[in-house]
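Novice: Can you look at this prediction? I've put the sequence above it.
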There are 2 protein chains.
Amino acid sequence: MESMTVQLDQGSGGRATHELVQDLFIQSFRNEYLLEMNDSALVNVGNGQIAMTTDSYVVDPVIFPGGNIGSLAVHGTVNDLAMRGARPLYMTAGFILEEGLSLETLGEIVSSMAAAAREANVFIVAGDTKVVPRGKADKIFINTSGVGVVPPGVRVGGQYAEPGDAVLINGTIGDHGMAVLCKREGLAFENEIRSDSASLNGLVEKMLEVCPQIHVLRDPTRGGVATTLNEIAEQSHVGIRLEEEALPVREDVAGACEILGLDPLYVANEGKVLVFVPARCMKSVLRVMRDHPLGRNACKIGETVSNDAGRVFLRTRIGGHRLLDMLRGEQLPRIC
Amino acid sequence: MESMTVQLDQGSGGRATHELVQDLFIQSFRNEYLLEMNDSALVNVGNGQIAMTTDSYVVDPVIFPGGNIGSLAVHGTVNDLAMRGARPLYMTAGFILEEGLSLETLGEIVSSMAAAAREANVFIVAGDTKVVPRGKADKIFINTSGVGVVPPGVRVGGQYAEPGDAVLINGTIGDHGMAVLCKREGLAFENEIRSDSASLNGLVEKMLEVCPQIHVLRDPTRGGVATTLNEIAEQSHVGIRLEEEALPVREDVAGACEILGLDPLYVANEGKVLVFVPARCMKSVLRVMRDHPLGRNACKIGETVSNDAGRVFLRTRIGGHRLLDMLRGEQLPRIC
């Protein structure tokens, strides 16, 4: 019987989510745009092409160190557009509010959204508000959808990785997931772990200026770096080799993960981007990343290979190789 | 204390919703697009203009006579685009699922969405799925956002009504709200009341073909015909005179409303459109409406006048005049 109902891990962003999405949504809505399985769809409108994306946010708690559900909802959708190389332009915001939500909390959330939108240079042009009775939702859920335009000559997507690409990241991994989890569980460490939630469109624009041939951009949110790299390996039919030693993890995040039995490679990020570039571009891209406030700790974490297509391997510190699968089961519910 | 939290009636679509939207969302997100207060925003992308809209659906029960939350989510967003005269092209779908939702129910909902999208000739190009623990949502909430293009020469919006316009509707009022309410409350009448939920883009296209000068199109959803006409009266600074005798109401809907103490003028519709046209166009528009399966009962229900700007009056059957205000308070929660 249990298998005939929706399970928590089907929302984790890992293998179970993929199966639900593939078996039900993709099958039912079947069209060329959806089949691409990227952060945003590229669609034709008039003579041009726009990128289009949507995400719902159900994070618990709604306010956490480094952000809240409002700023997160803007960052997430801006980033999904930026991951196609698109310049985000307009967003919509749909609110589902639980009766009894404090108006002060709602005000704080909405004001963070407005600030995040200004900072990312996008307009929130349409919205919707629903209120459900107490106990029928959990405080506030937000959906944001967005559209953007892809500059001429840019062709970025999870299917375009090539053997020989360098795999870069703009900083430390696991910060968002651990910030939310520690806040939710009331875990206090010496230094408060803060979410990395941020809009990456400014950084991406700089990177595309020096290397319009970037193959893949993807933000490792639910399911973390390991799951996201698996998606790309599958879409592009390449193997990926990661260097454990190269992975940037904050000491406090690593410590918290160890205590909680979590692997930072599977913990969500909200201000990180995985970048696949032809090796010849690597140095120039890393330079502009490190020059940007959101890329100071940018580094190479691995590369793509032509064998082991669809798989991700981690070369461990002691020189062994470990297969990194997608997240299985629900590691961290309601992380975004 | 109560006034410092979100109240149910702030989601009803009536006066309280308008105040929350104006005081909080419009103030915070302030921009020219949002200030227009139409069903869709018109935004510039590249050389062209697109219409953009969003809506979340929280209807209870999720399956009702004449539709379900999935078909409703497609119809609603298609209609919001059509109400700007736009041709709907692409949609996104965001799902918030409660742990334990039956996969059979989910499958039925998703398959209705797919059918509704095919019928309306729109593609669902991007999606998102979140799962929250049991008791943190109510079965399923769906957000749909959409984009469309406005044909050259069409300029439709709530601000364009002019004195002397004829006010038309494509059929009976209150069907959706009463269908949902009767199902929810387990009320059985001789004939089951069915929702009018439908995509109106096909009908709108035909109307614009014979009269590209249509001033206003708006679907009277939450808050019903009375609230929607008040919005238009305010936006266009005109007075509106309705003829009670002309209002098409199904007998069973009228009966159910009477028993429950509801006024059909404030009950939600999901397949109806209010049309403001220059008087000279009225006949040709009514003709194509009546030729369309969704407009067989189309009729004139009133007209606009230059005095009493911002107000809506009903000329009653016995010849009196009654001021029709926006919906106050929560008449029917979770109707869409």
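Specialist: Yes, it's here. Since this is a predicted model, take the numbers as computed values, not measurements. Numbering: from 1, shown residues only, chains lettered A, B, ... in the order given.
Novice: all contacts plus neighbour counts: C-alpha atoms, from now on.
Specialist: Noted.
Novice: May I have the secondary structure class of A:Thr221?
Specialist: coil (DSSP: H, G, I helix; E, B strand; the rest coil).
Novice: Enumerate every residue touching it.
Specialist: Contact analysis of A:Thr221 by C-alpha atoms under 8 Å, 6 or more residues apart in numbering or on different chains lists A:Thr228, A:Val267, A:Ala268, A:Asn269, A:Glu270.
Novice: Is the longest helix along chain A in proximity to chain B?
Specialist: What stands out as the longest helix in chain A, according to DSSP state H, is helix A:103-120. Yes - interface with chain B: helix A:103-120 contributes A:Leu103, A:Glu104, A:Gly107, A:Val110, A:Ser111, A:Ala114 (C-alpha under 8 Å from any C-alpha of the partner chain).
Novice: top of these by neighbour count?
Specialist: For those, the largest number of neighbours (other C-alpha atoms under 10 Å in any protein chain shown) sits with A:Ala114, at 23 neighbours.
Novice: List the contacts of that residue.
Specialist: By C-alpha under 8 Å, 6+ apart, the residues touching A:Ala114 are B:Ser28, B:Phe29.
Novice: what's the answer for A:Ser111, then?
Specialist: By C-alpha under 8 Å, 6+ apart, A:Ser111 lies in contact with A:Gly70, B:Ser28.
Novice: so what pLDDT did it get?
Specialist: pLDDT, A:Ser111: 97.
Novice: Next: A:Glu190.
Specialist: pLDDT recorded at A:Glu190 is 76.
Novice: Next: A:Ala51.
Specialist: So, for A:Ala51, pLDDT stands at 96.
Novice: For it, which three-state class applies?
Specialist: strand.
Novice: Throw the residues of helix A:103-120 next to chain B into TSV and include distance to A:Ile301, thanks.
Specialist: As requested, the residues of helix A:103-120 next to chain B are arranged in TSV below (distance: C-alpha to C-alpha, whole Å):
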residue	distance to A:Ile301
A:Leu103	44
A:Glu104	42
A:Gly107	40
A:Val110	36
A:Ser111	36
A:Ala114	34
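Novice: tell me which of these is nearest to A:Glu205?
Specialist: A:Glu205 has its nearest neighbour among the residues of helix A:103-120 next to chain B in A:Ala114, at 21.6 Å by C-alpha to C-alpha.
Novice: what pLDDT does the closest one get?
Specialist: Listed pLDDT for A:Ala114 reads 98.
Novice: before we move on, back to that, show me which pair in the contacts of A:Thr221 is furthest apart.
Specialist: Largest separation among the contacts of A:Thr221 by C-alpha to C-alpha: A:Thr228 and A:Glu270, giving 12.7 Å.
Novice: what do those two both touch?
Specialist: Residues within reach of A:Thr228 and of A:Glu270 at once, by C-alpha under 8 Å, 6+ apart, are A:Asp219, A:Pro220, A:Thr221.
Novice: Out of those residues, which comes closest to chain B?
Specialist: If you rank the shared contacts of A:Thr228 and A:Glu270 by distance to chain B using C-alpha to the nearest C-alpha, A:Thr221 comes first, at 12.7 Å.
Novice: which stretches of chain A form strands?
Specialist: Assigned by DSSP state E, the strands in chain A fall at A:41-45, A:48-57, A:63-64, A:67-68, A:87-98, A:123-132, A:140-149, A:165-169, A:216-218, A:239-243, A:274-278, A:299-305, A:312-315, A:321-324.
Novice: Go ahead and confirm A:Asn38 touches A:Gly158.
Specialist: Yes - A:Asn38 lies in contact with A:Gly158 (C-alpha atoms under 8 Å); the separation is 6.3 Å.
Novice: Quickly note the distance from A:Phe141 to chain B.
Specialist: 9 Å (C-alpha to the nearest C-alpha, to the nearest Å).
Novice: contacting residues for that residue?
Specialist: By C-alpha under 8 Å, 6+ apart, A:Phe141 lies in contact with A:Ser56, A:Tyr57, A:Val58, A:Val59, A:Phe95, A:Ile96, A:Leu97.
Novice: Against B:Met83, how distant is the closest residue in space to A:Ala137 that isn't next to it in sequence?
Specialist: Spatial nearest neighbour of A:Ala137, chain neighbours left out: B:Ala137 (4.1 Å); criterion: C-alpha to C-alpha, 6 or more residues apart in numbering or on different chains. Taking C-alpha to C-alpha, to the nearest Å as the measure, B:Ala137 falls 31 Å from B:Met83.
Novice: quick one, which of the two is more surrounded?
Specialist: Set B:Ala137 next to B:Met83 and count neighbours by other C-alpha under 10 Å: B:Met83 wins out with 27 against 24.
Novice: Quick check, pLDDT for that one.
Specialist: pLDDT, B:Met83: 97.
Novice: just A:Asp80 next, same as before
Specialist: Looking at A:Asp80, the pLDDT reads 97.
Novice: same deal with A:Glu2?
Specialist: On pLDDT, A:Glu2 comes in at 48.
Novice: quick one on the thing from earlier: who has more neighbours, A:Thr228 and A:Glu270?
Specialist: Neighbour count, other C-alpha under 10 Å: between A:Thr228 and A:Glu270, A:Glu270 has more, with 26 against 23.
Novice: so who does the more buried one touch?
Specialist: A:Leu72, A:His75, A:Gly76, A:His176, A:Ser195, A:Asp196, A:Ser197, A:Ala198, A:Asp219, A:Pro220, A:Thr221.
Novice: contacts with chain B among the contacts of A:Phe141, please.
Specialist: Near chain B, judged by C-alpha under 8 Å from any C-alpha, the entries from those are A:Ser56, A:Tyr57, A:Val58, A:Phe95, A:Ile96, A:Leu97.
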